[in-house]
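Asks: give the three-dimensional model of this entry:
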Amino acid sequence: MKILNGPDALEAAVGTHLGYSDWVEIDQERIDRFAEATGDDQWIHVDPERAAAGPFGSTIAHGYLTLSLIPMLSWQVYKIEGSTMGVNYGSNKVRFPSPVPVGSRVRAGVEIISATRTGAGVQVVNRVTVEREGGDKPACVAETVSVVAF
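Replies: Residues are numbered from 1 along each chain as shown. Got it, this is the predicted structure:
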């Protein structure tokens, strides 16, 4: 895990790939719980029998499930020392280039794109690439925006 100490370290890390998270398995229970929480119970996610005959050969994770893992995965990559809090400010761009079939393992790579001081702290934009083990394209690429207070 990379440790960044304060606003100066955040600014110095712009353009740096900070590393990778651990691998996380996407099992059917996680997919089903996400479907229940969001109300998105489309058959490609929650009906293994029907999905086996569908375009992906099995159920797949929701794109937004993959996106929702980014905070957990990013916290495994780096930590900001000296901050009093951090809040999610949103995303600039999110894409899902390939599906995540049930049973897949994913991990995230994190690169800091920008760190801009504001009255509230430092606005940090990260490019997070979620890759699927054995996949030829990323499962998700997102520019996430956070505000870190010091």
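
Asks: ok, how many other residues are close to the closest residue to residue 102 other than its chain neighbours?
Replies: In space, and not counting its chain neighbours, residue 102 is closest to residue 59: 4.6 Å by Cβ to Cβ, 6 or more residues apart in numbering. In this view, the C-beta of every residue, glycine as well, is placed from N, C-alpha and C. Per other Cβ atoms under 10 Å, the neighbour tally for residue 59 reads 27.

Asks: repeat that for residue 107.
Replies: 19.

Asks: can you point me to the longest helix in this structure?
Replies: helix 28-38 (DSSP state H).

Asks: show me what it is packed up against.
Replies: Using 3 or more Cβ pairs under 8 Å, 6 or more residues apart in numbering; DSSP states H and E as the contact criterion, the elements in contact with helix 28-38 are helix 43-46, helix 63-68.

Asks: repeat that for 6 Å
Replies: Where contact means 3 or more Cβ pairs under 6 Å, 6 or more residues apart in numbering; DSSP states H and E, helix 28-38 is packed against helix 43-46.

Asks: buried ones in the helix or strand just after the helix it packs on?
Replies: Using DSSP states H and E, the helix or strand that follows helix 43-46 in sequence is helix 48-52. Neighbour-count burial for helix 48-52 flags residue 51 (criterion: 16 or more other Cβ atoms under 10 Å).

Asks: gap between residue 95 and residue 13?
Replies: 24 Å (Cβ to Cβ, to the nearest Å).

Asks: swap in residue 74?
Replies: On the measure of Cβ to Cβ, residue 74 and residue 13 end up 13 Å apart.

Asks: how about the residue nearest the centre of the chain, nearest residue that isn't a chain neighbour?
Replies: Centroid-nearest residue in the chain, with Cα atoms, centre = their mean: residue 70, separated by 2.2 Å. Computed as Cβ to Cβ, 6+ apart, the closest residue to residue 70 that is not its neighbour in sequence is residue 128, at 5.1 Å.

Asks: surely the one you found is in a strand?
Replies: Yes: counting by DSSP: H, G, I helix; E, B strand; the rest coil, residue 128 is found in a strand.

Asks: per-residue pLDDT, residue 67?
Replies: pLDDT, residue 67: 98.
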